[in-house]
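> Here is the input, now give the coordinates:
(one chain, ligands or ions: 1)
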Amino acid sequence: MIQLTAEQEERAKRIHDEALVVDTHCDTLMDIEKGVRQLGERSDKGHIDLPRLKEGGVDAQVFACWVGGTKAVEPLKHFMVMADHFYQQLGKNPDTVVAATTTREIRAAKQAGKIAAVLGMEGGEPLEGELGTLRLFYRLGLRVVTLVWGGRNKLGDAVFGDSRATSGLTDYGVEVVKEMNRLGMVIDVSHLNARGVEDVLEISTMPIIASHSNARAVFDHVRNLSDDQIRAIAAKGGLIHSVFTFLHQDRTKGSLDDVLDHMEHIMKLVGPDHLGIGSDLDGIQNSPIGLEDASKMINITRGLVARGYTIGAIRQILGENFLRVFAQITREEQITG
Ligand SMILES: [Zn+2]
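You can find the predicted model right below:
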């Protein structure tokens, strides 16, 4: 448990309220699609809904569409159905949430007291080997694509699954990376195997992110990133967003402190400019103690205050890092002059 003085509690609350808090990965749309619950209603099931995001002070949430990885049936159609659910749910809650495709829209949402919702895709199966699908998905508002999920797809190999996972991006994967650079989409290398990450780093002209990955030096798991990978992603201006799982050996007993340990390791390696939060809530079975659901997100800030991080560093980690990189990828600096 984190013990703060009254002054620290007050400071943590102020930092968290004022900061723009971003979570770059969740799987909430799966429950929505199954009809288990509605985004606008506070539920005791799962981890994320609009009331709990509001309570937790989360200002921008990336909602991933995951359609089953290599076992996906009719992935393109499935993605369209999930994307429709996303927009249907936003449409039902116009006073609380708004779709966002740029950092300006994210900041405007916060100013209006709304949550910004960004559409993502986990696993490139819905692209079905075409670039035209990618371009049309961009027009549908898709801005974050996790290239692979499990096993081998048309883009490359994942760290686990049914493939040998030793080769890098396919020729098609290379074309997708280039087209995402051109369109201004966020390339996400979480789940991608080591050769694939190397390929993306070599080919992409833009910074890349690992939307939900931790540090292998803290817990040696294939889904976590090595120190070399963390340094390479940072050297290219990119981001590593700590995930609320793959924390330590016993995956049923993670805690807030474990998440903070991973974050601290990444900070020690590359400084506070390359770190963020990518909870994977609603995609993990056991959320950490102290981060049980989205309503507890302030505990990250409380933990960072307890560990002595500056206000500036905390604000960067909570969201400003992502906004900086997102603006770069979408070339907003040029647009805003
Ligand atoms: Zn994932």
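> Please enumerate the helices of the protein.
For the chain, the helices defined by DSSP state H occupy 6-18, 28-34, 50-55, 75-92, 103-111, 132-139, 171-183, 194-203, 227-235, 256-270, 298-306, 311-315, 321-329, 332-336.
> So which elements touch the fourth one?
Applying 3 or more C-beta pairs under 8 Å, 6 or more residues apart in numbering; DSSP states H and E, one finds that helix 75-92 makes contact with helix 28-34, strand 60-66, strand 97-99, strand 115-122, helix 132-139. (Glycine included, C-beta is placed from N, CA and C.)
> can you tell which of the ones you listed is closest to R307?
Nearest to R307, of all the helices and strands packed on helix 75-92, is strand 60-66, at 24.0 Å by C-beta to C-beta.
> Relative to that closest one, what are the paired strands and their orientations?
strand 22-23 (parallel), strand 115-122 (parallel) (DSSP bridges).
> Would you mind telling me which of the helices and strands packed on helix 75-92 is nearest E320?
strand 60-66 (11.4 Å).
> now the angle from that closest one to helix 321-329?
With axes from the mean of the first three to the mean of the last three C-alpha atoms, to 10 degrees defining the directions, strand 60-66 sits at 70 degrees from helix 321-329.
> Alpha carbons only: can I get strand 60-66 in CSV?
What follows is strand 60-66 as a C-alpha-only set of coordinates in CSV (Å, rounded to 0.1, in the frame of the first residue of the first chain):
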residue,chain,number,x,y,z
ALA,A,60,-8.1,9.7,-23.4
GLN,A,61,-8.6,6.0,-23.9
VAL,A,62,-7.5,4.0,-26.9
PHE,A,63,-10.1,1.3,-27.6
ALA,A,64,-8.6,-1.7,-29.5
CYS,A,65,-10.6,-3.8,-31.8
TRP,A,66,-9.3,-7.4,-31.4
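> State the distance from V21 to G276.
10 Å (C-beta to C-beta, to the nearest Å).
> joint contacts of these two?
L318, G319 (C-beta atoms under 8 Å, 6 or more residues apart in numbering).
> ok, back up a step: now the helices and strands packed on helix 75-92 as CSV including distance to A6?
Output for the helices and strands packed on helix 75-92, formatted as CSV (distance: least, C-beta to C-beta, whole Å):
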stretch, distance to A6
helix 28-34, 35
strand 60-66, 30
strand 97-99, 33
strand 115-122, 29
helix 132-139, 48
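> And these: which comes nearest L318?
Comparing the helices and strands packed on helix 75-92 under C-beta to C-beta, the one sitting nearest is strand 60-66, at 10.3 Å.
> How about residues contacting the closest one?
Under C-beta under 8 Å, 6+ apart, the answer for strand 60-66 is 20-30, 48, 53, 79, 82-83, 86, 100, 106, 109-110, 115-123, 126, 144, 146, 149, 211, 278, 283, 294, 319, 322.
> low pLDDT regions in this protein?
Applying pLDDT under 70 to the chain flags residues 161-165, 333-337.
> any idea which residue sits dead centre in it?
Of all residues in the chain, the one closest to the mean position by C-alpha atoms, centre = their mean is T24, 2.2 Å from it.
> is it true that it touches H241?
Yes. In terms of C-beta atoms under 8 Å, T24 counts as a neighbour of H241; the distance is 4.7 Å.
> what sits in contact with each of those two?
I209, S211, H212, G276, I277, G278, F322.
> which of the strands paired with strand 60-66 sits most buried?
strand 22-23 (a mean of 28; mean count of other C-beta atoms under 10 Å).
> how distant is that strand from the center of its chain?
Mean C-alpha position of strand 22-23 versus that of the full chain (C-alpha atoms, centre = their mean, to the nearest Å) differs by 7 Å.
> Which residues does it contact?
58-62, 106, 276-279, 281, 294, 297, 318-319, 322-323.
> Report the separation between G290 and G308.
18 Å.
> ok, those two, which is more surrounded?
Taking neighbours as other C-beta atoms under 10 Å, G290 and G308 compare with G290 leading, 20 against 7.
> Which phi and psi values does that one adopt?
G290 adopts backbone torsions of phi 100, psi -10, taken as degrees, to the nearest 10.
> my read: it touches L256, true?
Yes. Using C-beta under 8 Å, G290 makes contact with L256 at a distance of 3.1 Å.
> Which neighbours do those two have in common?
I2, N299, G303.
> so how far is L291 from the second one?
When C-beta to C-beta is applied, the distance between N299 and L291 equals 6 Å.
> anything in contact with each of the two?
L256.
> returning to what we had before: name only those of the contacts of strand 60-66 that count as buried.
20-30, 48, 53, 79, 82-83, 86, 100, 106, 109-110, 115-123, 126, 144, 146, 149, 211, 278, 283, 294, 319, 322 (16 or more other C-beta atoms under 10 Å).
> The closest residue to L323 other than its chain neighbours and A6, how far apart?
Using C-beta to C-beta, 6 or more residues apart in numbering and skipping the chain neighbours, the partner closest in space to L323 is T103 (4.6 Å). The gap separating T103 from A6 is 35 Å, by C-beta to C-beta.
> Who has more neighbours out of the two?
Set T103 next to A6 and count neighbours by other C-beta under 10 Å: T103 wins out with 26 against 7.
> Distance-wise, check the more buried one relative to I329.
In terms of C-beta to C-beta, T103 sits 10 Å off from I329.
> Now do the closest residue to K92 other than its chain neighbours: how many residues are near it, please.
Spatial nearest neighbour of K92, excluding adjacent residues (C-beta to C-beta, 6+ apart): G40 at 5.7 Å. For G40, the tally of surrounding residues (other C-beta under 10 Å) stands at 15.
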